[in-house]
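K.L.:
model this:
(chains A and B)
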Amino acid sequence: QVQLQESGPGLVKPSQTLSLTCTVSGGSISSSGYYWSWIRQPAGKGLEWIGRIYTSGTTNYNPSLKSRVTVSLDTSKNQFSLKLSSVTAADTAIYYCARRVVATYYFDYWGQGTLVTVSS
Amino acid sequence: QSVLTQPPSVSAAPGQKVTISCSGSSSNIANNYISWYQQLPGTAPKLLIYENDKRPSGIPDRFSGSKSGTSATLGITGLQTGDEADYYCGTWDSSLTAGGYVFGTGTKVTVL
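P.N.:
Residues are numbered from 1 along each chain as shown, chains lettered A, B, ... in the order given. A predicted model of the protein is given here:
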């Protein structure tokens, strides 16, 4: 059974960089055929896809966040990471990591989510 | 601002049926499979329907999905109190502006 777990600081100051890590267990992040994604949800609002990375390292980002987002892989630790720069209060949200099978259009495994608050 | 539009809320009595619509366009729903997610209060979203009408293992057949043109529908029959949750549709969007995975605006299901 694949499991994903987000980790990182729960509080980030405005203008700084938000950094989160997703640890994958029960399967190898190096296995071909999967996209590893980040999704966020502000309190009381809907889901927003942030971006994804493929096993090869190829990335795709939400156009509205593209200039501030970097998603990377660490295969030695079976982890992938999110960096979001120049954060503001509008970036306060629960951040989820999730897995999507290539050539499909759904996320089959999700992390439990981690709340990140942007405040001074 | 999502490119997939859902009604903010739907409600029905226990045992009844509800349907949730998801309206999109030619750059998303019309040319890609739709999936649906259930988000119980305080929890992560859970895959409910994939490839328009397929249910993952463990999802009861009270939940069904369909797609026609630029719209999709989630149906829940035999409504139970445990079905009270937010529901989201999702798919890939190939437009330059929204390009990437997009979710619907979300619908809150209330069991009266």
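K.L.:
thought residue B:79 was touching residue B:19?
P.N.:
No. The pair residue B:79 / residue B:19 is not scored as a contact, 11.2 Å apart, by CB atoms under 8 Å. Heads up, the C-betas are built off the backbone N, CA and C, glycines and all.
K.L.:
Give me the more crowded residue out of these two.
P.N.:
More neighbours surround residue B:79 than the other of residue B:79 and residue B:19, with 22 against 15 (other CB atoms under 10 Å in any protein chain shown).
K.L.:
Backbone dihedrals for the more buried one, both of them.
P.N.:
When read as degrees, to the nearest 10, the backbone of residue B:79 gives phi -50, psi 140.
K.L.:
per-residue confidence for it?
P.N.:
On the pLDDT scale, residue B:79 is placed at 97.
K.L.:
tell me the average confidence for stretch B:95-108?
P.N.:
87.
K.L.:
Any part of that stretch near chain A?
P.N.:
Yes. Where contact is defined by CB under 8 Å from any CB of the partner chain, part of stretch B:95-108 touches chain A, namely B:96, B:97, B:98, B:99, B:100, B:101, B:102, B:103, B:104, B:105, B:106.
K.L.:
CA-only coordinates of that stretch in CSV, if you can.
P.N.:
C-alpha atoms of stretch B:95-108 as CSV (Å, rounded to 0.1, in the frame of the first residue of the first chain):
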residue,chain,number,x,y,z
SER,B,95,-5.4,25.5,-22.6
LEU,B,96,-2.5,27.9,-22.4
THR,B,97,-4.0,29.9,-19.5
ALA,B,98,-5.3,27.1,-17.3
GLY,B,99,-2.9,24.4,-18.6
GLY,B,100,-2.5,21.6,-16.1
TYR,B,101,-4.7,19.7,-13.8
VAL,B,102,-7.9,21.6,-12.8
PHE,B,103,-10.5,20.9,-10.1
GLY,B,104,-14.1,22.0,-9.9
THR,B,105,-15.3,24.6,-7.5
GLY,B,106,-16.6,22.0,-5.1
THR,B,107,-20.0,21.0,-3.9
LYS,B,108,-21.1,20.5,-0.3
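K.L.:
Return the set of buried residues in it.
P.N.:
For stretch B:95-108, a neighbour-count test (16 or more other CB atoms under 10 Å in any protein chain shown) marks B:98, B:99, B:100, B:101, B:102, B:103, B:104, B:105, B:106, B:107, B:108 as buried.
K.L.:
what residues does chain A put near chain B?
P.N.:
A:37, A:46-49, A:51-52, A:60-63, A:96, A:100, A:104-108, A:110-113.
K.L.:
Find the residue closest to the closest residue to chain A within chain B in space, skipping its chain neighbours.
P.N.:
For chain B, the residue closest to chain A is residue B:35, as judged by CB to the nearest CB, at 3.6 Å. Nearest residue to residue B:35, sequence neighbours excluded (CB to CB, 6 or more residues apart in numbering or on different chains): residue A:106, at 3.6 Å.
K.L.:
Pull the contacting residues for the one you found.
P.N.:
Listed by CB atoms under 8 Å, 6 or more residues apart in numbering or on different chains, the contact partners of residue A:106 are A:100, B:33, B:35, B:47, B:50, B:51, B:90.
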